[in-house]
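**Q** This is a predicted model, with the sequence first.
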Protein chains: 2
Amino acid sequence: MNIEVIKFGGSSLADASKIKNVAKIINQKTQNETNVIVVVSAMGNSTDTLISLAKEMSNDPNHREMDVLLSTGEIVTSTLLSMHLNYSGTPSISLTGTQAGIRTDDVYGRAKIAEIDGSRIKEELKTKKVVVIAGFQGFSDKQDVTTLGRGGSDTTAVALAVALKARICEIYTDVSGVYTADPRICQNAIPLKQIGYEEMLELATTGARVISARAVEVAAINNMPIIVKNTFDSKQSGTIIQTESNMENINKVRGIAHQQKVGKITIKGVPDSPGIASSVFRPLAEANIAVDTIVQNSSSDNLTDLTFTVSIEDLVAAEKVSNSIVKNIGAKEIDSADDVGSVSIVGTGMTSSPGYAATMFEALYNKQVNIEIISTSEIRITCVVKQSNVTKAVQALHDAFKLDVE
Amino acid sequence: MNIEVIKFGGSSLADASKIKNVAKIINQKTQNETNVIVVVSAMGNSTDTLISLAKEMSNDPNHREMDVLLSTGEIVTSTLLSMHLNYSGTPSISLTGTQAGIRTDDVYGRAKIAEIDGSRIKEELKTKKVVVIAGFQGFSDKQDVTTLGRGGSDTTAVALAVALKARICEIYTDVSGVYTADPRICQNAIPLKQIGYEEMLELATTGARVISARAVEVAAINNMPIIVKNTFDSKQSGTIIQTESNMENINKVRGIAHQQKVGKITIKGVPDSPGIASSVFRPLAEANIAVDTIVQNSSSDNLTDLTFTVSIEDLVAAEKVSNSIVKNIGAKEIDSADDVGSVSIVGTGMTSSPGYAATMFEALYNKQVNIEIISTSEIRITCVVKQSNVTKAVQALHDAFKLDVE
């Protein structure tokens, strides 16, 4: 079978007329002999409505129940889209995550896909139906509903594409692909024609919200090409994410990612002994707090300062954990800030060419943007700056690296 | 195990504060050593919201998809209630119809329960959890979601009570039991202490909306006692529905039911030959139109008029079917009316005591209420009257049979 998996996000499905527009895109796909699997998110902000209902029930709603509750959002969209497909002449059936055979572990709220049993999907595809699958969800060994956490529908789509040996996975969103920077704050940002998995992963991890990092990871491991396209302008070719083959794009800054708001914590006066970093980051991991940037300055008199950033939603929890860490390891105190953000430049071969770092720091300096933390990977340089400087920094870097020139 | 099944309707669960109130009632139940199974409807009018979304997708939404869509309403309530029970110290778990083992046929929109596999429910009850089950739904042999149609949650509750050998099934609603007449239009109506299955069935079929007729039927067959109680005044003893053992209540009018609006169709000039009634009512049944009252006048010159009533929602569809029936059987024409309603008196042994009919017709005549159709059963007399006379008729009959005296 010539299978394509197509995923539509919540903004593409926010109301009845948008769902009908999505049905049109799918109808066109089925013209040529393609078997189409559609993965949908919940309508617009319906998930937020469900979350606030849950918060009225309990300040910390039972995680199992929360997953069942949230899974209904995607189910609603899948049935509505399937109804309109049937109405407009395209035979279609909706499947929940459970019916689609998406088996996960039982870590509610951020379950990981263990295995996909695609037999029901294949059965429906054979009868030439478009199969519309509720994204973001699966089921545990106990037949209980689980959700995959943020960006879960992207992950559902890529994992289904891999499991069913699809030709490609298309992610439809409300912008025309992966941009050189967020077009909402950088007017001359342009969509990239293509980008490699590693670069996309770094962009997604450091703030590009067009596709979830987890989904890119699954695609990279399984070498599944992804196209990011615009639901509202589907003639645009979009951005293809795949193993980078274009020599020209090596040693070049490909994009700027940013996070408008991050939380920053410094643990001061940490005794500089072997294993100390693990004593700090193990408890954070156990509290399910994802740490972004980590910086440890070289120590003087056997004491060092350890700084890291977390997502702004996790800051309060991270402060709590950090305070108990301070006691456990005999550090001095913590210092936290919620008024910072981050900007990152991403491109392969960056660390081997020191010119990129210099250009980045110079561009920020020229705009009086003070750098609080620097962190680098093979293909990325991230600077943590004051929140008020984030937009200015993104624009300055976009200009400095001439990203508006294709 | 000492099991009780308790069902709460949509008006009892219409918002967060009402769900919390329901949790309080359940918490009290669990004080004594009772295993509690709760069945819930969708919140307030959330089902209507889902239906109107579906109607935007298609004027005749795919029935399978419709069932999946509507089932989410009850799932939402079940998780919210379970969250608040857990929060307020009562361990609880929600189950969907599928998880609760409610297997049905595959007639979407009005599936019938085939069998209940209560193993998962029992497993959860053993760990002393309150099991909250999404009403109105089940699953087919294909593992697809089905819904049970109108009053489905009542049926879920009674069927679960039977399958799990519960002591009793309590139906919580927004009035204090089964009344002698609808208290909204008959001020001196009073709640009945008890009523037999057959009488309740007749009352429910002819307009009493406090409990669905189907649920009463299941209870009657399995001799499961039902108590109808008021969610907002749970100290009231409510009405118990069970095999009538009280001799005093035999040969007595127990209650007045009414339907504010029904559709009436007369097929005129029907050739009076054997099998003709079946040629009329078979096509209506095949179109899933439930016919209430049927009257055939004795014929003159081998032609007869056949009159029947249907629910007002089915009138347009019934007219369509009737017109094709007219052609098929060589009848003359149809005549339809949407300005009629019905009033019924219900009580055992009625047909054996002609006095009841006389009192009924006299009471209506005294108020200048013209009777369009009369139909009777063993324990019921129904009159179809003009819509504008329904309220007046109910009050007149309540007075005539002195139902305000206990």
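**A** It's in.
**Q** and A:G355, what does it touch?
**A** If you count contacts by CB atoms under 8 Å, 6 or more residues apart in numbering or on different chains, A:G355 has none. In this view, the C-beta of every residue, glycine as well, is placed from N, C-alpha and C.
**Q** What values do phi and psi take at it?
**A** When read as degrees, to the nearest 10, the backbone of A:G355 gives phi -60, psi -30.
**Q** what about it, distance to chain B?
**A** Counting by CB to the nearest CB, to the nearest Å, the gap from A:G355 to chain B is 55 Å.
**Q** what about that residue, distance to A:I381?
**A** A:G355 sits 11 Å away from A:I381, going by CB to CB, to the nearest Å.
**Q** A:S140 reaches A:T146, doesn't it?
**A** Yes - the criterion here is CB atoms under 8 Å, and A:S140 meets it with A:T146 at 5.3 Å.
**Q** of these two, who's got more company?
**A** Higher neighbour count among A:S140 and A:T146: A:T146, with 31 against 19, using other CB atoms under 10 Å in any protein chain shown.
**Q** where's the more buried one, which helix or strand?
**A** A:T146 is part of strand A:145-147, with elements assigned from DSSP states H and E.
**Q** Mind giving me the packing neighbours of that strand?
**A** For strand A:145-147, the packing partners by 3 or more CB pairs under 8 Å, 6 or more residues apart in numbering or on different chains; DSSP states H and E come out as helix A:63-87, strand A:137-139.
**Q** Need the phi and psi values for the closest residue to A:A163 other than its chain neighbours.
**A** Excluding its sequence neighbours, the residue lying closest to A:A163 (CB to CB, 6 or more residues apart in numbering or on different chains) is A:I116, at 3.8 Å. Note on A:I116: its backbone torsions stand at phi -120, psi 120 [degrees, to the nearest 10].
**Q** For A:I116, name its beta-bridge partners.
**A** For A:I116, the beta-bridge partners under DSSP bridges are A:I102.
**Q** okay but it is in contact with A:A159, surely?
**A** Yes - look at A:I116 against A:A159 with CB under 8 Å: they come within range, at 6.2 Å.
**Q** Enumerate every residue touching the residue of the stretch 201-350 of chain A found nearest chain B.
**A** The nearest approach of the stretch 201-350 of chain A to chain B comes at A:T231, 17.3 Å away (CB to the nearest CB). Each residue near A:T231 by CB under 8 Å, 6+ apart is listed here: A:8-9, A:11-12, A:18, A:21-22, A:25, A:172-174.
**Q** from those residues, which ones fall inside helices?
**A** Judged by DSSP state H, helices contain the following of the contacts of A:T231: A:18, A:21-22, A:25.
**Q** Going by neighbour count, which of the residues you listed comes out on top?
**A** A:V22 leads those on contacts (other CB under 10 Å) with 24 neighbours.
**Q** which residues touch the residue lying closest to that residue once chain neighbours are set aside?
**A** Excluding the flanking residues, the one nearest A:V22 by CB to CB, 6+ apart is A:F8, at 5.3 Å. Contact analysis of A:F8 by CB under 8 Å, 6+ apart lists A:22, A:38-41, A:172, A:231.
**Q** Which two among the residues you listed are spaced furthest apart?
**A** Spatial extent of those (CB to CB) is set by the pair A:V39 and A:T231 at 13.3 Å.
**Q** What is the nearest of the contacts of A:F8 to chain B?
**A** A:V22 (11.3 Å).
**Q** picking up where we left off before, now list whatever residues contact both of A:S140 and A:T146.
**A** Counting by CB under 8 Å, 6+ apart, the residues touching both A:S140 and A:T146 are A:104-106, A:111.
**Q** want to try a markdown table for those residues, with secondary structure, pLDDT and distance to A:R150 as columns?
**A** Output for the shared contacts of A:S140 and A:T146, formatted as a markdown table (DSSP: H, G, I helix; E, B strand; the rest coil; pLDDT from 0 to 100; distance: CB to CB, whole Å):
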| residue | secondary structure | pLDDT | distance to A:R150 |
| --- | --- | --- | --- |
| A:T104 | strand | 97 | 15 |
| A:D105 | coil | 96 | 17 |
| A:D106 | coil | 92 | 18 |
| A:A111 | coil | 95 | 12 |
